[in-house]
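[1] quick one: sequence and predicted model below, then my questions.
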Amino acid sequence: MSIILEKSTDMFRFIINGPFAAEEAAYFRKEAYRFLENDSKKILVDFSNCNFIDSTGLGMLVSVYKKCAEKNAKLVIASIKDEKVFKVFQLTRLDKVFEFCESC
């Protein structure tokens, strides 16, 4: 598994190391939903070490984004360094949906 979790009182940070594909995405959704059930208000997904994202990863981000909206919480995509990864967000127009932060 290439995801590190960091929890604080009001934020859950997922650090993606390597690809964000089927296995990582399923784990991300499970943990994010669990976190949101505890009335937490912010999920930050750190892509600084991510070198690949596929449609499953994007789908899980959208799923968690919708769950955040239901729970009045916030999903932030942070520190995308790989141009190919950001290009996937642009091609799918998800760069218009998600909140991005370069140095969170």
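    Here it is on my side, so go on.
[2] and the helices in the protein, which stretches?
    Secondary structure of the chain (DSSP state H): helices located at 22-37, 55-70, 83-91.
[3] which pLDDT value goes with Met11?
    Predicted confidence (pLDDT) for Met11: 89.
[4] from the chain's centre, how far out does the longest strand along the chain sit?
    Using DSSP state E to define each element, the chain has its longest strand at strand 42-53. Centre-to-centre, strand 42-53 and its host chain are 6 Å apart (C-alpha atoms, centre = their mean, to the nearest Å).
[5] return the list of helices and strands in contact with that strand.
    When contacts are defined as 3 or more C-beta pairs under 8 Å, 6 or more residues apart in numbering; DSSP states H and E, strand 42-53 sits against strand 11-20, helix 22-37, helix 55-70, strand 74-78, helix 83-91. Every C-beta, even on glycine, is put in place using the N, C-alpha and C of the backbone.
[6] quick revisit: and the helices of the chain: which comes nearest Asp10?
    Of all the helices of the chain, it is helix 22-37 that lies closest to Asp10, at 10.7 Å by C-beta to C-beta.
[7] and the closest one, what does it pack against?
    Going by 3+ C-beta pairs under 8 Å, 6+ apart, helix 22-37 lies up against strand 3-7, strand 11-20, strand 42-53, helix 55-70.
[8] which of those comes out lowest on mean pLDDT?
    Taking the mean pLDDT of the helices and strands packed on helix 22-37, strand 3-7 comes last: a mean of 91.
[9] does Leu75 touch Lys41 like I think?
    No - when contacts are counted by C-beta atoms under 8 Å, Leu75 is not listed as touching Lys41 (10.5 Å).
[10] the two: which has the busier surroundings?
    The neighbour comparison of Leu75 against Lys41 (other C-beta atoms under 10 Å) goes to Leu75, with 21 against 14.
[11] tell me the contacts of that one?
    Lys42, Ile43, Val45, Leu61, Val64, Tyr65, Cys68, Phe98, Glu99 (C-beta atoms under 8 Å, 6 or more residues apart in numbering).
[12] filter those residues down to the buried ones, PyMOL style.
    Remark: buried members of those, expressed as a PyMOL selection using 16 or more other C-beta atoms under 10 Å:
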select buried, resi 43+45+61+64+65+68
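[13] that'll do, ta.
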